[in-house]
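>>> predicted model and sequence below, questions to follow.
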Amino acid sequence: MLVTVTLSLLLAGGPSSVHDFRVKTIDGNEVSLSQYQGKALLIVNTASECGYTPHPVKGPKADPLYRYLTSLPENGGEVTWNFNKFVVDPKGRVVAHLDSGVEPTSAEMRKRIEGVLPSK
């Protein structure tokens, strides 16, 4: 199914935002990121239940979402290690790529996330 979605996106000219992707949850369920339209997202590369370990987000076998994220000319770039973070605005645009050294509770993280929160 994921291969079909990815192929469809490629044939249609490629994805225009993270909302064009479907991903698997930690439980193995598939979810469409389009359900998060209008909300800010924080996409974090984790090796579930493993901490700092090698991860499959690079190279030809990388997940389609990570191929998209790392190919972006602005705010994209190579994932250097686990816990790299991509801040996504409510329209599905990646507005920041933060390295694993940026702590979740840091001032930098807070500023980036607060900067994309939708108005109430």
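Done, it's in. From a predicted model like this one, the values you see are computed outputs, not experimental measurements.
>>> give me the below-cutoff pLDDT ranges for this structure.
1-12, 47-55, 57 (pLDDT under 70).
>>> tell me where it has strands.
Remark: strands assigned in the chain by DSSP state E are 22-24, 30-32, 41-44, 85-88, 94-98.
>>> give me every residue that touches A96.
Applying Cβ atoms under 8 Å, 6 or more residues apart in numbering, we find A96 in contact with 75, 85-87, 112. C-beta: built from backbone N, CA, C; applies to glycine.
>>> what are the ranges of the helices in this structure?
Using DSSP state H, the helices of the chain run over residues 2-11, 64-71, 107-114.
>>> and the last one, what does it pack against?
Other elements packing on helix 107-114 under the criterion 3 or more Cβ pairs under 8 Å, 6 or more residues apart in numbering; DSSP states H and E are strand 85-88, strand 94-98.
>>> pick the most deeply packed of the strands of the chain.
Comparing the strands of the chain by mean neighbour count (mean count of other Cβ atoms under 10 Å), strand 85-88 comes out on top with a mean of 22.
>>> what lines up beside that strand in the sheet?
In its sheet, strand 85-88 lies beside strand 41-44 (antiparallel), strand 94-98 (antiparallel), with partners assigned from DSSP bridges.
>>> how near is the closest residue to F21 other than its chain neighbours to R110?
If the residues on either side of it in the chain are set aside, F21 comes closest to L65, at 4.6 Å by Cβ to Cβ, 6 or more residues apart in numbering. In this structure, L65 and R110 are 24 Å apart, going by Cβ to Cβ, to the nearest Å.
>>> show me which of these two is the more surrounded one.
A side-by-side neighbour count of L65 and R110, using other Cβ atoms under 10 Å, places L65 first with 20 against 11.
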